[in-house]
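> Pasting the sequence and the predicted model now:
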Amino acid sequence: MGDYFIKALACDGNLRVITSVTTETVNEAQKRHQTWPTATAALGRTITATMMMAAQEKGDEKVTVTIQGGGPIGAIVADADTNGRVRGYVTNPQVHFELNAHGKLDVARAVGNNGFLSVVKDLGLRENFTGRVPIVSGELGDDFTYYFARSEQIPSAVGVGVLVNPDQSVKASGGFIIQVLPGADDAAIDRLEERLKAIPPISKLIDAGHSPEQLLDDLFPDGDYKVLQKHGAAFHCSCSKEKFSQSLQGLGDKEIQAMIDEDHGAEVVCHFCETHYQFSAAELHALIAKKN
């Protein structure tokens, strides 16, 4: 099957866990935005983490993550729902550097570490939940870990990774979120910390063919976990010509008329998926008429 995630409990119910493979999802994002390798890694890590965060929610809730670290990549924006559907973009997709001192894509340099990671959760209430924390490393896994600890007061470990092929396609992508539940014993936490120090990078495990189930085995080799749910994941954008039509309708009559006079129509591009929507002069005239 394609990309998917698994939700589980581990260490005798002390830990909540999500593991995921998102190779096809991030590859779709790369193709749509034509990102260069370092930008691909940054966007892919953000998309993966956002998808897993949304998977923790219930119902029709939605999570939007914005990362503004002050680096050359600009802002990274991703949103996802509880069903594994996720989308995202970066302000400057053509960003790439030499490998860092560890031989990895230099995501921290692209993202920067002088800014904020913001999370908005649309919980279907009158007001959304919003959390914001400073960027602590720019590597993103550490930043999401810090977000959970600081904004949601949940001790967590977040691992996300992306490998990029020489042709700029995505070779491997995925991640995990492990969260300590209330009342967890110290021994379980100590075992987890030691295991996280010992396992290879998540992207290398996925490149070796490890599925979300096998990632659970990598994290908990004693088999002390219980799978709760398995669900597909995919790049999905909810944009439509109708939605953009409503946005255009929100403009003033003069602005719409200027589009007709100067360009004989309008083209609108979705930031999230790069889909182009064309509006003819007649369609713009109809929008003005509908408003009046």
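Looks like it arrived, so ask away. Numbering: from 1, shown residues only.

> helix, strand or coil for residue 17?
Classification of residue 17 into helix, strand or coil gives strand, according to DSSP: H, G, I helix; E, B strand; the rest coil.

> Is the closest residue in space to it that isn't next to it in sequence bridged to anything, and to what?
Counting by C-beta to C-beta, 6 or more residues apart in numbering, the nearest residue to residue 17 once its immediate chain neighbours are dropped is residue 8, at 4.6 Å. The way it works is simple: take the backbone N, C-alpha and C, and place the C-beta from them, glycine included. When bridges are called by DSSP bridges, residue 8 pairs up with residue 17, residue 227.

> Residue 8: how many residues sit nearby?
When counting by other C-beta atoms under 10 Å, one arrives at 21 neighbours for residue 8.

> What score does it have for pLDDT?
Per-residue confidence for residue 8 comes out at a pLDDT of 97.

> swap in residue 64?
With respect to pLDDT, residue 64 has a value of 96.

> before we move on, what about residue 214?
Model confidence at residue 214, given as pLDDT, is 97.

> which element is the residue nearest to it when sequence neighbours are not counted on?
If the residues on either side of it in the chain are set aside, residue 214 comes closest to residue 205, at 7.5 Å by C-beta to C-beta, 6+ apart. Assignment of secondary structure by DSSP states H and E places residue 205 within helix 202-207.

> Likewise for residue 242?
Of the helices and strands defined by DSSP H and E, residue 242 is found in helix 241-249.

> for that helix, packing partners?
Contacts of helix 241-249 with other secondary structure elements, assessed using 3 or more C-beta pairs under 8 Å, 6 or more residues apart in numbering; DSSP states H and E, are made with strand 265-269, strand 276-280, helix 281-291.

> how about TSV for the ones you listed, with distance to residue 48 and mean pLDDT added?
What follows is the helices and strands packed on helix 241-249, written out as TSV (distance: least, C-beta to C-beta, whole Å; pLDDT from 0 to 100):
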stretch	distance to residue 48	mean pLDDT
strand 265-269	25	91
strand 276-280	27	93
helix 281-291	38	85
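
> May I see these arranged in a markdown table, with mean neighbour count and distance to residue 169 as well?
Formatted as a markdown table, the helices and strands packed on helix 241-249 follow (neighbours: other C-beta atoms under 10 Å; distance: least, C-beta to C-beta, whole Å):
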| stretch | mean neighbour count | distance to residue 169 |
| --- | --- | --- |
| strand 265-269 | 15 | 23 |
| strand 276-280 | 14 | 23 |
| helix 281-291 | 14 | 37 |
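
> Out of these, which gets nearest to residue 122?
Ranking the helices and strands packed on helix 241-249 by distance to residue 122, with C-beta to C-beta as the measure, places strand 265-269 first at 23.1 Å.

> and residue 49, how many residues sit next to it?
Using other C-beta under 10 Å, the number of residues around residue 49 comes to 31.

> which residues does it contact?
Under the criterion of C-beta atoms under 8 Å, 6 or more residues apart in numbering, the neighbours of residue 49 are 65, 140-141, 144, 158, 160, 175, 177.

> Secondary structure element holding it?
Secondary structure from DSSP H and E places residue 49 in helix 37-55.

> Distance from that helix to the middle of the chain?
Relative to the chain's own centre, helix 37-55 is displaced by 4 Å; criterion: C-alpha atoms, centre = their mean, to the nearest Å.
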